[in-house]
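Asker: heads up, no residue letters with this:
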């Protein structure tokens, strides 16, 4: 997805975005459209994150005294020709401001924070009724500067004032790569900007009470989406992977903002492709289906949950044996989580179980201990990926943190991570018995590190093989 090529923020009288096939607009019609409109405001409630965001900005400013910090929200991205993807703001921008409107930038400097935003246009302009991207009659009513300010508890100025603000002297860091127009306003300094990106990522590692609540809600809605899918199993058997994808998306949009990532619906051998998002295959009796899906809540915190279900609602003996192995590995990984433990502790605990299981099945050419040696890792042919990643507003959260902190650092209370071991036997893998080929199993839950251990935020979805069978049977 490439950002649309647009000039830097310019004067407010810039021509509206129109298309060549739009009807001509005579001046008489334009003048008529600019008159005769009543006034109405958008009743925006005080944003629940306002208090938390203020504290976050204060902490950020303390880390860069005397510097100007710029966090753009981003702009629209073209999907095809004159159609755009639904806008989703940059995570760091929203984390520190609460704002979710496009074409905005948060500037933090010497303890002062200002949001530069693009409000709704005056009805005395052509943008109001002609602009396909920002016009009120085309795209909906954007809030005014005052409405945004009241809701976010933050000073808000027009985006057109941003260039002058950034032309002043002093050291400026930009969270780059989210709005090319804003990036162009400040000369890049890779050292300064990369360090800034690292810090805004690391500041999100510890979730506050409000964030844990948002993640809990996202997990609860995700549970409903999984239940919806199973209740429509007759349709699933008829239409295949696409039906589950669509069913889950309906729940995500009804109760949340969106899906947190493209849903993975892997029936049969598709489950062995880690990021299978085509979701075009059939769901066949006798096979397993791997569902990796998560709802993004309306404040942009996302769940990330995986369950592997027997299409017939009952595991075969072989499927159950493999599933129970993965479940035991996941449980070992979860139980390794506690404050002070290495972030990688869950991975090592889960791989210990899986490696010994693979050895017991006679698949490893060496002993489990030899395979677990970091210089060997032969077991990884069938486990493929790490067991955990951080979770929050991004499904792979805090990805720009320094490696020494994540993934090579230790866990702290308030961190949220996934635990998701899996076994994947490719359908053309000649090193495993034929009956294993084409089987993929993953179980994933969202775990918050507590003061004395851990809490599973997605525990409402069953995990053991017996619980899965009972759960499916009750909902089909």
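Answerer: Cool, the structure landed. Since we're looking at a predicted model, the values are computed, not measured. Numbering: from 1, shown residues only.
Asker: verify the stated contact: residue 45 with residue 153.
Answerer: No: Residue 45 is not in contact with residue 153 according to Cβ atoms under 8 Å; the separation is 11.6 Å. Heads up, the C-betas are built off the backbone N, CA and C, glycines and all.
Asker: and residue 331, how many residues sit next to it?
Answerer: Close neighbours of residue 331, defined as other Cβ atoms under 10 Å, add up to 19.
Asker: is the nearest residue to it once chain neighbours are set aside part of a helix or strand, or is it coil?
Answerer: Among residues not flanking residue 331 along the chain, residue 463 sits closest, at 8.0 Å (Cβ to Cβ, 6 or more residues apart in numbering). The local conformation at residue 463, judged by DSSP: H, G, I helix; E, B strand; the rest coil, is coil.
Asker: out of residue 45 and residue 153, which sits in the more crowded spot?
Answerer: Taking other Cβ under 10 Å, residue 45 and residue 153 do not tie; residue 153 has more neighbours (16 against 7).
Asker: the more buried one reaches residue 50, doesn't it?
Answerer: Yes: using Cβ under 8 Å, residue 153 is in contact with residue 50, at 3.9 Å.
Asker: residue 368 and residue 379, how far apart?
Answerer: According to Cβ to Cβ, to the nearest Å, residue 368 stands 7 Å off from residue 379.
Asker: and the helices in the stretch 351-476 of the chain?
Answerer: Ranges of helices in the stretch 351-476 of the chain, per DSSP state H, counting those that start in this stretch, are 368-372, 465-475.
Asker: then the stretch 51-200 of the chain?
Answerer: Under DSSP H, counting those that start in this stretch, the stretch 51-200 of the chain gives helices at 91-97, 127-130, 136-139, 145-152, 162-166, 180-183, 190-202.
Asker: what's the most buried one of the ones you listed?
Answerer: Stretch with highest mean neighbour count among the helices of the stretch 51-200 of the chain: helix 91-97 (a mean of 26; mean count of other Cβ atoms under 10 Å).
Asker: hmm, back to that, looking at the helices of the stretch 351-476 of the chain, which is buried most?
Answerer: Ranked by mean neighbour count under mean count of other Cβ under 10 Å, the helices of the stretch 351-476 of the chain are led by helix 368-372, which reaches a mean of 18.
Asker: run through who's touching it.
Answerer: The contact list for helix 368-372 (Cβ atoms under 8 Å, 6 or more residues apart in numbering) reads 351-352, 355-356, 358-359, 364, 376-379.
Asker: change it to 7 Å
Answerer: Helix 368-372 has contacts (Cβ atoms under 7 Å, 6 or more residues apart in numbering) with 351-352, 355-356, 359, 364, 376-379.
Asker: of the residues you listed, closest to residue 62?
Answerer: residue 351 (39.7 Å; Cβ to Cβ).
Asker: quick revisit: who wins for proximity to residue 221 among the helices of the stretch 51-200 of the chain?
Answerer: Shortest distance between residue 221 and the helices of the stretch 51-200 of the chain, using Cβ to Cβ, is found for helix 91-97: 19.0 Å.
Asker: and that closest one, what does it pack against?
Answerer: For helix 91-97, the elements it packs on are helix 50-63, strand 68-72, strand 105-109, judged by 3 or more Cβ pairs under 7 Å, 6 or more residues apart in numbering; DSSP states H and E.
Asker: which other residues reach the helix ranked longest in the chain?
Answerer: Ranked by residue count, the top helix of the chain under DSSP state H comes out as helix 209-231. For helix 209-231, contacts defined as Cβ under 7 Å, 6+ apart pick out 48-49, 52, 236, 244, 247-248, 251-252, 255-256, 291, 293-297, 299, 301-303, 305, 307, 392, 416, 446, 448, 457-458, 460-461, 472, 475-476.
Asker: give me the number of residues near residue 63?
Answerer: 13.
Asker: roughly how far apart are it and residue 338?
Answerer: Distance from residue 63 to residue 338, counting by Cβ to Cβ: 28 Å.
Asker: how about residue 234?
Answerer: Counting by Cβ to Cβ, the gap between residue 234 and residue 338 amounts to 44 Å.
Asker: with neighbour numbers in mind, choose between those two.
Answerer: Remark: of residue 234 and residue 338, residue 338 carries more neighbours, 16 against 10, as counted by other Cβ under 10 Å.
Asker: check which helix or strand covers the more buried one.
Answerer: Using DSSP states H and E, residue 338 maps to neither a helix nor a strand.
Asker: tell me the bridge partners for the nearest residue to it once chain neighbours are set aside.
Answerer: With sequence-adjacent residues excluded and distances taken as Cβ to Cβ, 6+ apart, residue 338 is closest to residue 453, at 5.1 Å. In this entry, residue 453 is beta-bridged to residue 450, by DSSP bridges.
Asker: show me what stretch 270-281 is in contact with.
Answerer: Residues outside stretch 270-281 that contact it (Cβ under 7 Å, 6+ apart): 240-242, 245, 262-267, 288, 290, 308, 384-385, 424-427, 438, 440.
Asker: repeat that for stretch 316-323.
Answerer: Outside stretch 316-323, the residues touching it (Cβ under 7 Å, 6+ apart) are 288, 308, 310, 315, 423, 435, 439, 441, 465.
Asker: can you mark which positions in that stretch are buried?
Answerer: Buried positions in stretch 316-323, judged by neighbour count with 16 or more other Cβ atoms under 10 Å: 319-320, 322-323.
Asker: which one of those residues is nearest residue 25?
Answerer: Closest approach between those and residue 25, by Cβ to Cβ: residue 323, at 63.0 Å.
Asker: so how far is residue 61 from the closest one?
Answerer: For residue 323, the distance to residue 61 equals 50 Å [Cβ to Cβ].
Asker: between the contacts of helix 368-372, which is nearest residue 124?
Answerer: The nearest member of the contacts of helix 368-372 to residue 124, counting by Cβ to Cβ, is residue 351 at 65.0 Å.
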